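Undergrad: Would you be able to build a 3D model of this:
(3 chains)
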Amino acid sequence: MSSLASGAKHPLTVLAVVLGLLPVVMPMLGSTMSLAAQVAIYALYAIGFNLLLGYTGLVSFGASLFFGFASYVAGLTALHIWANPIFAILVAVALTTILSVFVGLLILRRKGIYFALLTLAFTQLFYEIAFHWTDVTGGENGLQGVTRPGFSDPLAYYVLTAVIVWLTSALMLRVVHSPFGRVLQIIRDDERRALAMGYNPHRYKLGAFVMSSAVVGLAGALLTFLIRGAYAENMNWQHAGDPVLMTVLGGMHHFLGPLWGAILYINLQDQLSVVTQHWWLIFGALLMAVVLLSPEGLSGLVRRFIGPGRWTLTRDRLPARPTSSANRPTNNKSPATGTMLEVQSLSKRFGRIVTADCINLAVASGSIHGILGPNGAGKTTFFNMLSGLLAPDEGTILFNGRDITQLSTDKRAMLGLVRSFQVVSVPDNLTVFEVVRVAAQAKHSKRAALWANAYAFDALIADAWRALDDVGLADKAGEIISSLPHGEKRLLDIAIALAGQPSMLLLDEPLAGLADAERETVSQLIRRLARDHTVLLVEHDIDRVVSLSDRISVFHQGKVIADGPPDEVVNHPEVVEAYLGKQQADHQAPNKAHAPGRSSPPKATQPLISLEGIASGYDGSRVLNELSMDVGVGETVALLGRNGVGKTTTLSTVMGILPVAAGRIRFDNKDISALPAYAVNRLGISIVPQGRRIFPNLTVDDNLRVAQRRGGWSLDDAYALFPKLKTLAASTGGNLSGGEQQMLAIARALMAPTRLLLLDEPFEGLAPAIVAEVVEAVAKLRGQVAILIVEQRVDLALQIASRAYVMVNGSIALTASTSELGANDERLSRLLGV
Amino acid sequence: MLAVQDFGGQIDGRPVKVIWYDENGPQTTQQNMQKLVEQDHVVGVTGGISSGDMLAVMPIAKRSQTPLIVTGANATQITGADCNRYTFRVDLPNYTTTRTVYPSLTKHGKNWYFISASYAWGIDGYKQMKGLLDAHGGKVLGADKTPLGTSDFSSYILKVVSKQPDVLFLGIGGSDLTNFLKQFHQMGLTGKIPVSALVANDTDFWAAGKEDATGVYPKIWNYTGDQNTAKSLAFAKAFQNKFGKPPESEAWQDYFGMSALLTAIKQTGSTDSNKLINFLENHKFEGYKKRPIYFRKWDHQLIQSTLVAKVRKSIPDRYNYFKIDSVQPAANKPLESIYPDQSESNCHMNAN
Amino acid sequence: MDAMLLTSQLINGLVLGFLFVLIAVGLSIIFGMLGIVNFAHGAFFALGAYVAWTLKPYVGGVGVLFLAPLVVFGIGLVAERLLLRPLYNKEPLLGLLLTFGLALFIEEAIRTIWGSIGHPYDAPAFLSGFIHYGPVFVTQYRLAVLTVTIVVLIAVWFFLEKTRFGRIIRAGSRDGEMVNMLGVNLSRVFMLVFGLGTALAGMAGVLAAPLWSVVPSISEQAIMPAFVVVTIGGLGSLRGAIVSGLLVGVSVAMTIQFWPAASGAVMYLLMVAVLLVRPRGLFGETWERFE
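TA: Prediction:
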């Protein structure tokens, strides 16, 4: 019974019923048989187009080019070669396919908006040609007099059309559920991830482009015989929107969405044009309404009330776990000895900033190799070069003895070098299982098969389940990824890397943003993985890196400053200095003269800002919990904590960038919890954000002026604090060095009247000399404004602040005046993990 | 609609129902025609301005054996190579318009310049006029083809100026013609170089404005002038009353097309298409123009007199732009003298 | 004679080019700030011409140059507030589709209000002559259009470079959130930017009205060249828009001179060629959010 019900809901059953009903229902509504045929043809047109839009995520205005082209080819073939419709249609589809390969090769090199505009230009170009090449195309008069021997009766032609449309749709349905089709969906959501899995997105996009064009061409050829002619108008830019409109009206994230769109589009046009001459008025308004009210189109609207309420591009039912998955294959077990990865004098520069400076590194087979380093040390750049996302300026990368410096990311992945991402990079709209399955598929010989069912490969399904088991996500396999909490996305990220059967895993901050319990889970996981894989691990959590790794390299300012066994490295003087600052390394007492704030009372009598039981976070994951703290008038407070505990989140929440989920923020006795960022700033809270966020296209002068308001600083004030900026007044922000940008960011914040200054990692990635300069400047500000500083370098933070909060997992774990807290305080070491 | 009123809205007690569809590009028009035929089962179809649209629907008329009276399209092949038994045409082919206006232009000189739209109609018009010019020993100083929808003609006009032709002959229509006249005026050339064109739609001139309008043109009909019959004056008046502006020539063409169809139905007392076609092929319509007009049997072209219309020196109101110089052909010549004869035509109705 | 033809043709190309630039600059500013490709830009251009036609009898040919863009500005503000605002931070395709619908709507509204036949629109009487100087032959009105567009472009440049609001626009096109954190109410800026961009299109419409005719299809004559100019120049770049606008204008004029049949296709060829060689146009910079 249930199989009967699901059979009745099967898209092809629905399509068959609709195609059967159209020629009956439409004439009852005052339409004609040929209009019914047109609906069927346009449905095919849109279904073909949607392979690009809905499945691959390419916004193209080029479909009409192939539609029109095929229409002409079919017409010309029928007129000049052989009038047989089937023959002409085949010729048209063949030539359209060939044309689309060339067009695709040219324009798929561009992405996003440039791709869309290029398709539009190509369409318009072909339109101009078709319109003016009168000898061949008939110019504005078009081609007429095409006959359709054998199908001259409207019903006969409708039947032919319906059969072709149904068969082609069946083929399309098969393709979108094939291994190839599933890769397209990964590319749509996250092209870089597809690349990291080992797929070459360019080829898959070209494949989709050609296939879509062929189907669209088929529709165009069918139209020629319906209207017994071919015309240029299909190609001009107003009609280039036709398939887009139909698809969006119907819903682009449902296989049959384009069908409903075509039915609606053509019938509405037909019915409205009888009622009023100005039916475009209604149509334009309708289109806007759909975009604003139901961007998922008709299908989305229906599914909001019945059905799963989300996209239905993949199947919900998961393939069962194969029973014989007990034995883990060991063929990819890494050799026990030797060097797996070797890096020789690798360098990379961005303008004046050197992010990798002659790095030499060797990773032994079967080891866990940890990479440490303060923010901005160049770890992620290094990882990007290893995985092939960034090309190094100099140097060589050897993997298992083979030079892979010039290989693309997907090829490296195929060799067994697979990475995870620091900022979780997972496709949003697929099920957990499916993404992992596609990752497993990358090394299979049928990875791009068009005709096979994606779920038909037991070995891959077993691999996927195993990867999910490994990370503990098996019971979430059926969920849509966008609904997962952050921690589970992190696990999934690793599962994806794992499913690719790598011999070496590059894990980029796998613990970032995780709660304690989750950290433990992931650490255990890494340890387990190390049994079968070589692991290169970048992580801030020093404790865990030290306990996990066989060997550790420490990066600082693009250089490897230490390399060796963990216990040796953590005590290396340069490493201590990099993390804790010069004074600490030299065991000097902090310079009291630079810290007058220490004499002020531990807690100001009158709080300027107070956070009371704040909860906040990004969609899906809560980062702050029950966070309470305050900063007094003119007080300087440091906010310390490990990476990912929520320090920056705290600042963003204060600024009003992130909404307050619970609790209250009071500033100067006003509740600012619900204010937008600009209003918060106007009350006197300014921010120097992490990464500085200087406007790269504005000069230093203009960067300052953008922020300038009455009551704030003048340009002279700013230049008095940072004389260096004055000499740079006319250079653009993008050309400044990190230190100069930092000075500019601080000065910029003060151009508006400020009572509380939020500093987010102001010393990140700066050279020591610059750090001293910036510390000096901040010290000068002390007392004039209240300062809340977030900083990795505990020594500097303690030197500047009079009081410190230490955060752990989204709330405050410790408050103390800095005079009580020496940087070597054991509480600090424990909470910060130094 | 006014034609239907003329017939009192009914024929032999049966009401006349007019179904109206859009003409918006060949494909849409084609589909709408299909609808008229398949679903509304109309007796006959009349209307149409764009040649491309009409060429697209003519095969449908033939297949469905529905009389189609094309009123406003002027491509030669409608009553030429593509003619068929079910299609009749009111508007003038390029053959006729060029021969209408040529005598009035040739007196300015024999060195001509052509600007034509780069599609079938414009190119055909150019060929026709060039043929006449060549036959009379004239010279083509230059000929440009412009894309349809050209908004800026100044570059072309500059080329014209540099050649100093005696006559500038245009194969462009619609808003292109309007744009051309405006820019021609802005270049200070209005009145300096005589201008003519294949067609003169009143609306294009109304859009250009009084200052910019200039030239001598072939015209099928004009609402002023003493060439009008009582019947066409009455039509002009009725139109004015209904729409608040005088009828352009196309309105008359549509009016005549509908009248012809209704007359045929009334006189034959039938809606049988063969009877209607027989009637249309043989009937002489009186009262629409001074000389009786008729659809020629072998190509279904409406044979009628034409006008040479000159833009007035001073234009009295928003609409009254043209003064009628002469009626062609001269009263002593047969009407068919300005239409292609059978040997010049590609129409072979039986073969089609 | 040939020299005169070429120089005059060149000037025509420049006039055409500057008109394109004026349309394209608005498109470019809107795109840079709001991240939306405004398909309705041509419709606002047409609105400018039609409003000018309606108002001209009351305020004269010069008056409408100021008044009509103001009206378009107002309509732009309303459109942004009601239609575009809900779409920020959503899929870019939606903004594209919405403005597509808006374009259809405005164009049909124009047909409904003003009819589908053209209206006469003459240049002001004092500009009706032409100038013949050495090898240059050009109408006074075209020269005036050239002057006005250059003045407007200088004003736009000054506005963007030297005023507070201009700095905010430039900064906001790169990092809107940061601008917001500097005390600027971004939603108001977005609204004004959209209004400003459409007003520039409206002004181009007023200027073009005496050159082209005031017909509903006028919007189509503006939108495609504007897209082409913006893309060739580089999305969001004022300098790029100016250079590529002139390039397109002159190329079109020269093709008319030497190969008229290709004059419609030349700008698309140019665009395809430029984008294939320089992926982000002549002066385009890498903007992560658009790729």
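
Undergrad: All the strands of chain C, residue numbers only.
TA: If DSSP state E is used as the criterion, the strands of chain C fall at C:130-133, C:136-139.

Undergrad: Phi first, then psi, for the single nearest residue of the stretch 251-352 of chain B relative to chain C.
TA: With Cβ to the nearest Cβ as the measure, residue B:318 is the residue of the stretch 251-352 of chain B nearest to chain C, at 8.9 Å. Any C-beta I mention is one placed from the backbone N, CA and C, and that applies to glycine too. As for residue B:318, its main-chain torsions (degrees, to the nearest 10) stand at phi -60, psi -20.

Undergrad: Now do the same contact list for it.
TA: For residue B:318, the residues meeting the contact criterion (Cβ atoms under 8 Å, 6 or more residues apart in numbering or on different chains) are B:206, B:245.

Undergrad: Residue B:271 contacts residue B:65, doesn't it?
TA: No. In this structure, residue B:271 is not within contact of residue B:65 by Cβ atoms under 8 Å, at 11.7 Å.

Undergrad: Centre-most residue in chain A?
TA: The geometric centre of chain A, computed from its C-alpha atoms, lies nearest to residue A:190 (Cα atoms, centre = their mean), at 5.4 Å.

Undergrad: Is that one in contact with residue A:426, as I believe?
TA: Yes. When contacts are counted by Cβ under 8 Å, residue A:190 is listed as touching residue A:426 (6.8 Å).

Undergrad: so what's residue 181 closest to, chain neighbours aside?
TA: Here I'm looking at chain A. The spatially closest residue to residue A:181, leaving aside those adjacent along the chain, is residue A:175, at 5.2 Å (Cβ to Cβ, 6 or more residues apart in numbering or on different chains).

Undergrad: actually it's chain C I care about, not the one you picked
TA: Closest residue to residue C:181 apart from its sequence neighbours, by Cβ to Cβ, 6+ apart: residue A:677 at 4.8 Å.

Undergrad: Next up, the contacts around the one you found.
TA: By Cβ under 8 Å, 6+ apart, the contact set of residue A:677 is A:655-657, C:177, C:180-181.

Undergrad: Would you mind measuring from it to residue A:666?
TA: Here the criterion is Cβ to Cβ, to the nearest Å. By it, residue A:677 lies 17 Å from residue A:666.

Undergrad: Shouldn't residue A:807 be within a helix?
TA: No. When classified by DSSP: H, G, I helix; E, B strand; the rest coil, residue A:807 is found to be strand rather than part of a helix.

Undergrad: What separation is there between the closest residue to it other than its chain neighbours and residue A:373?
TA: Nearest in space to residue A:807, with sequence neighbours left out and distances taken as Cβ to Cβ, 6+ apart, is residue A:641 at 3.5 Å. With distances taken as Cβ to Cβ, residue A:641 is found 18 Å from residue A:373.

Undergrad: again, but for residue A:246
TA: Distance of residue A:246 to residue A:373, computed by Cβ to Cβ: 53 Å.

Undergrad: who's more crowded, these two?
TA: Neighbours of residue A:246 and residue A:373, each counted by other Cβ atoms under 10 Å in any protein chain shown, are more numerous for residue A:246; the result is 28 against 24.

Undergrad: quick one on the thing from earlier: so which of the strands of chain C gets nearest chain A?
TA: Across those, the minimum distance to chain A, taken as Cβ to the nearest Cβ, is reached by strand C:136-139, at 28.1 Å.

Undergrad: and the closest one, anywhere near chain B?
TA: Yes. Under the criterion of Cβ under 8 Å from any Cβ of the partner chain, strand C:136-139 makes contact with chain B via C:137, C:139.

Undergrad: now that strand, how far from the centre of its chain.
TA: 24 Å (Cα atoms, centre = their mean, to the nearest Å).

Undergrad: Then stretch C:100-111?
TA: Remark: stretch C:100-111 is offset 17 Å from the chain centroid, using Cα atoms, centre = their mean.

Undergrad: Alpha carbons only: can I get that stretch in PDB?
TA: The C-alpha trace of stretch C:100-111 is given here as PDB (Å, rounded to 0.1, in the frame of the first residue of the first chain):
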ATOM      1  CA  PHE C 100      13.300  42.100 -13.500                       C
ATOM      2  CA  GLY C 101       9.700  42.100 -12.300                       C
ATOM      3  CA  LEU C 102      10.000  45.800 -11.400                       C
ATOM      4  CA  ALA C 103      11.200  46.500 -14.900                       C
ATOM      5  CA  LEU C 104       8.300  44.700 -16.500                       C
ATOM      6  CA  PHE C 105       5.900  46.500 -14.100                       C
ATOM      7  CA  ILE C 106       7.300  50.000 -14.700                       C
ATOM      8  CA  GLU C 107       7.500  49.600 -18.500                       C
ATOM      9  CA  GLU C 108       3.900  48.400 -18.600                       C
ATOM     10  CA  ALA C 109       2.900  51.200 -16.300                       C
ATOM     11  CA  ILE C 110       4.400  53.600 -18.700                       C
ATOM     12  CA  ARG C 111       2.400  52.100 -21.500                       C
END
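
Undergrad: Appreciated, that's everything.
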